[in-house]
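A.B. asks: Give me a model of this one.
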Amino acid sequence: MPKQCQQCSQKAVLKRPKTGHLLCKECFFRAFEDEVHRTILDNSVFKAGEVVAIGASGGKDSTVLAYVLKVLNERHNYGLKLVLLSIDEGITGYRDDSLETVKRNEKQYDMALKIVSYEELYGWTMDAIVKEIGLKNNCTFCGVFRRQALDRGALMLKVDKI
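C.D. replies: You can find the predicted model right below:
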(Lines give C-alpha, C1' and ligand atoms only; values in the text may rest on other atoms or scores of the structure.)
Protein backbone atom coordinates (compact mmCIF):
# COMPACT_ATOMS: atom_id res chain seq x y z
CA MET A 1 0.00 0.00 0.00
CA PRO A 2 1.52 3.37 -1.04
CA LYS A 3 2.32 5.82 1.70
CA GLN A 4 0.32 9.06 1.84
CA CYS A 5 1.53 12.63 2.09
CA GLN A 6 1.11 13.82 5.66
CA GLN A 7 -0.06 17.23 4.43
CA CYS A 8 -2.64 16.45 1.74
CA SER A 9 -3.14 12.66 1.55
CA GLN A 10 -1.79 12.39 -2.03
CA LYS A 11 0.81 9.69 -2.76
CA ALA A 12 4.04 10.50 -0.90
CA VAL A 13 7.18 10.60 -3.06
CA LEU A 14 9.76 11.26 -0.35
CA LYS A 15 10.49 11.22 3.35
CA ARG A 16 12.22 14.38 4.55
CA PRO A 17 15.35 13.51 6.53
CA LYS A 18 15.03 16.76 8.51
CA THR A 19 11.53 16.08 9.84
CA GLY A 20 10.70 12.51 8.91
CA HIS A 21 7.52 13.72 7.18
CA LEU A 22 6.21 11.86 4.14
CA LEU A 23 5.35 14.39 1.43
CA CYS A 24 4.09 14.53 -2.12
CA LYS A 25 6.02 16.60 -4.66
CA GLU A 26 3.83 19.70 -4.34
CA CYS A 27 3.86 19.70 -0.53
CA PHE A 28 7.64 19.21 -0.49
CA PHE A 29 8.10 22.21 -2.80
CA ARG A 30 5.87 24.34 -0.59
CA ALA A 31 7.63 23.20 2.62
CA PHE A 32 11.02 23.97 1.07
CA GLU A 33 9.89 27.39 -0.15
CA ASP A 34 8.37 28.20 3.26
CA GLU A 35 11.64 27.28 5.01
CA VAL A 36 13.65 29.49 2.65
CA HIS A 37 11.17 32.33 3.23
CA ARG A 38 11.44 31.98 7.02
CA THR A 39 15.25 31.98 6.76
CA ILE A 40 15.16 35.15 4.65
CA LEU A 41 12.89 36.88 7.19
CA ASP A 42 14.63 35.57 10.33
CA ASN A 43 18.01 36.77 9.06
CA SER A 44 16.83 40.01 7.40
CA VAL A 45 18.60 38.90 4.23
CA PHE A 46 17.00 41.51 1.93
CA LYS A 47 15.48 44.97 2.04
CA ALA A 48 12.80 46.18 -0.34
CA GLY A 49 14.27 47.96 -3.35
CA GLU A 50 17.54 46.03 -3.40
CA VAL A 51 19.02 44.69 -6.59
CA VAL A 52 20.23 41.14 -6.06
CA ALA A 53 22.50 39.25 -8.46
CA ILE A 54 22.16 35.49 -8.48
CA GLY A 55 25.47 33.82 -9.31
CA ALA A 56 24.20 31.57 -12.09
CA SER A 57 26.38 28.70 -13.23
CA GLY A 58 23.61 26.86 -15.05
CA GLY A 59 23.84 23.97 -12.61
CA LYS A 60 20.97 22.67 -10.53
CA ASP A 61 21.82 24.68 -7.40
CA SER A 62 21.85 28.11 -9.02
CA THR A 63 18.85 27.23 -11.21
CA VAL A 64 16.81 26.25 -8.13
CA LEU A 65 18.01 29.36 -6.28
CA ALA A 66 16.91 31.62 -9.16
CA TYR A 67 13.52 29.91 -9.34
CA VAL A 68 12.86 29.97 -5.60
CA LEU A 69 13.93 33.60 -5.17
CA LYS A 70 11.69 34.62 -8.08
CA VAL A 71 8.72 32.70 -6.64
CA LEU A 72 9.22 34.05 -3.12
CA ASN A 73 9.85 37.61 -4.32
CA GLU A 74 6.51 37.52 -6.15
CA ARG A 75 4.58 35.60 -3.49
CA HIS A 76 5.76 37.68 -0.51
CA ASN A 77 6.37 41.04 -2.22
CA TYR A 78 10.01 41.38 -1.15
CA GLY A 79 10.38 44.24 -3.62
CA LEU A 80 13.65 42.93 -5.05
CA LYS A 81 15.02 43.30 -8.54
CA LEU A 82 16.64 39.94 -9.34
CA VAL A 83 19.31 39.56 -12.03
CA LEU A 84 21.41 36.63 -13.18
CA LEU A 85 25.20 36.96 -13.20
CA SER A 86 27.23 34.29 -14.93
CA ILE A 87 30.96 33.86 -15.50
CA ASP A 88 32.52 32.46 -18.66
CA GLU A 89 35.96 31.23 -17.66
CA GLY A 90 36.95 30.48 -21.25
CA ILE A 91 37.44 26.73 -20.85
CA THR A 92 36.66 25.01 -24.13
CA GLY A 93 33.76 22.59 -23.76
CA TYR A 94 33.31 23.26 -20.03
CA ARG A 95 30.86 26.14 -19.69
CA ASP A 96 29.10 26.03 -23.08
CA ASP A 97 26.12 23.84 -22.08
CA SER A 98 25.65 25.52 -18.72
CA LEU A 99 25.67 29.00 -20.31
CA GLU A 100 22.87 27.80 -22.57
CA THR A 101 20.96 26.75 -19.44
CA VAL A 102 21.52 30.19 -17.91
CA LYS A 103 20.22 31.81 -21.10
CA ARG A 104 17.08 29.64 -20.85
CA ASN A 105 16.72 30.69 -17.19
CA GLU A 106 16.88 34.33 -18.29
CA LYS A 107 13.81 33.77 -20.47
CA GLN A 108 11.95 31.33 -18.16
CA TYR A 109 12.33 33.52 -15.08
CA ASP A 110 12.17 36.87 -16.89
CA MET A 111 15.42 38.10 -15.31
CA ALA A 112 18.16 40.19 -16.84
CA LEU A 113 21.37 38.25 -17.49
CA LYS A 114 24.94 39.49 -17.52
CA ILE A 115 27.66 37.09 -18.66
CA VAL A 116 31.13 38.30 -17.73
CA SER A 117 34.08 36.57 -19.35
CA TYR A 118 37.66 36.25 -18.18
CA GLU A 119 38.62 37.42 -21.67
CA GLU A 120 36.60 40.63 -21.17
CA LEU A 121 37.88 41.27 -17.64
CA TYR A 122 41.46 40.05 -17.73
CA GLY A 123 42.33 39.81 -21.42
CA TRP A 124 42.82 36.02 -21.28
CA THR A 125 40.92 32.80 -20.79
CA MET A 126 41.56 29.83 -18.51
CA ASP A 127 42.59 27.87 -21.59
CA ALA A 128 45.33 30.48 -22.20
CA ILE A 129 46.42 30.33 -18.54
CA VAL A 130 46.65 26.53 -18.60
CA LYS A 131 48.71 26.77 -21.78
CA GLU A 132 51.17 28.98 -19.86
CA ILE A 133 51.24 27.37 -16.41
CA GLY A 134 50.09 23.82 -17.09
CA LEU A 135 47.39 21.92 -15.23
CA LYS A 136 48.98 22.20 -11.79
CA ASN A 137 47.05 24.65 -9.54
CA ASN A 138 44.80 25.85 -12.37
CA CYS A 139 41.69 25.21 -10.22
CA THR A 140 43.10 27.54 -7.57
CA PHE A 141 43.65 30.30 -10.11
CA CYS A 142 40.23 29.80 -11.63
CA GLY A 143 38.43 29.93 -8.25
CA VAL A 144 40.13 33.20 -7.29
CA PHE A 145 39.48 34.72 -10.71
CA ARG A 146 35.83 33.60 -10.70
CA ARG A 147 35.15 35.23 -7.32
CA GLN A 148 36.78 38.44 -8.51
CA ALA A 149 34.78 38.23 -11.75
CA LEU A 150 31.54 37.92 -9.74
CA ASP A 151 32.51 41.00 -7.72
CA ARG A 152 33.37 42.96 -10.86
CA GLY A 153 30.15 41.83 -12.58
CA ALA A 154 28.20 42.96 -9.52
CA LEU A 155 29.84 46.39 -9.77
CA MET A 156 28.95 46.58 -13.47
CA LEU A 157 25.33 45.77 -12.64
CA LYS A 158 25.28 48.06 -9.60
CA VAL A 159 23.76 45.36 -7.42
CA ASP A 160 23.39 45.51 -3.66
CA LYS A 161 24.04 41.81 -3.03
CA ILE A 162 25.28 38.70 -4.75
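A.B. asks: Would you mark the buried spots in the helix ranked longest in the chain?
C.D. replies: When the chain is parsed with DSSP state H, its longest helix is helix 138-157. Residues of helix 138-157 classed as buried: N138, C142, F145, R146, A149, L150, R152, G153, A154, L157 (neighbour count, 16 or more other Cβ atoms under 10 Å). The C-beta positions use only the backbone N, C-alpha and C, and glycine is treated the same way.
A.B. asks: Of those residues, just say which sits nearest to V64.
C.D. replies: Each of those was checked against V64 using Cβ to Cβ; the closest is L150, at 18.4 Å.
A.B. asks: so the closest one makes contact with L157?
C.D. replies: No. With contact defined as Cβ atoms under 8 Å, L150 and L157 do not form a contacting pair (10.5 Å).
A.B. asks: So for those two, which residues contact both of them?
C.D. replies: A53, L85 (Cβ atoms under 8 Å, 6 or more residues apart in numbering).
A.B. asks: longest strand of this structure?
C.D. replies: For the chain, the longest strand by residue count, based on DSSP state E, is strand 81-88.
A.B. asks: After that one, which helix or strand is next?
C.D. replies: Using DSSP states H and E, the next helix or strand after strand 81-88 towards the C-terminus is helix 96-108.
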